[in-house]
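Student: using only what follows, build the 3D model:
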Amino acid sequence: MLECVVRVYNITPGNNEALLNRCRRLHDYSAFIAEIDKNLSSGMELEDALHKAIDICIENDILADILVKSKSEVYRMLLTKYDEKEFIQITYQEGLEKGLEKGREEERRRINQLYKLLLEQERMDDIKKAIHDKAFQEELLEKFHL
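Tutor: Down below sits the predicted model:
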């Protein structure tokens, strides 16, 4: 099994300035995306916002080497629409599934701990009753502070 841990940084203007100042490319990328966002916020259509942002960045030497050389490729790539609602829904669903699994694991741990304590006290009748009677099971869990 492989576990990947990723640290995410907010690189929008005004955030993590020390990081942006250490890497010109990252700084310029942040400025480019900010220009697109500004254009979109002013009411421009996506295509127009991208064209204008690309032109402004080239004029101001922001990612100019990439934008001049690969302008149409960058434009097409950015036109691939990012669906924020779908991303939020998928992220929510994944989090919900992880949370439910974590809750199930915790509940199994509590129940197993309860049955272990009852076995140690040779309370087989209580175990049998708890298996079939959820209210009694909850009562025992509370009694044993589990």
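
Student: use CA for all of it now, contacts and neighbours both
Tutor: OK.

Student: report the distance from the lowest-mean-pLDDT helix or strand in the chain to the chain centre.
Tutor: Within the chain, confidence by mean pLDDT, DSSP states H and E is lowest for helix 71-79 among all helices and strands, at a mean of 86. Offset of helix 71-79 from its chain centre (CA atoms, centre = their mean, to the nearest Å): 26 Å.

Student: report the buried residues of the helix or strand just after it.
Tutor: Using DSSP states H and E, the helix or strand that directly follows helix 71-79 along the chain is helix 84-120. By 16 or more other CA atoms under 10 Å, the buried positions in helix 84-120 come out as 111, 114, 115, 118.

Student: what does stretch 40-49 give?
Tutor: 40, 46, 49.

Student: now render the residues you listed as a markdown table, adding pLDDT.
Tutor: Output for the buried residues of stretch 40-49, formatted as a markdown table (pLDDT from 0 to 100):
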| residue | pLDDT |
| --- | --- |
| 40 | 89 |
| 46 | 86 |
| 49 | 91 |
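
Student: show me which of those residues is closest to residue 32.
Tutor: Checking the buried residues of stretch 40-49 against residue 32 with CA to CA, the nearest one is residue 49 at 11.1 Å.

Student: distance check, the closest one against residue 77.
Tutor: Separation of residue 49 from residue 77 (CA to CA, to the nearest Å): 14 Å.

Student: that older thread, which one of the buried residues of stretch 40-49 is nearest residue 69?
Tutor: For the buried residues of stretch 40-49, the nearest to residue 69 is residue 49 (19.4 Å; CA to CA).

Student: that closest one contacts residue 42, doesn't it?
Tutor: No - if you go by CA atoms under 8 Å, residue 49 and residue 42 don't touch, sitting 9.1 Å apart.

Student: phi, psi of the nearest residue to residue 16 once chain neighbours are set aside?
Tutor: Nearest residue to residue 16, sequence neighbours excluded (CA to CA, 6 or more residues apart in numbering): residue 10, at 6.7 Å. Note on residue 10: backbone dihedrals following degrees, to the nearest 10 are phi -80, psi 120.

Student: burial of residue 10, as a residue count?
Tutor: Neighbour count of residue 10, defined by other CA atoms under 10 Å: 10.
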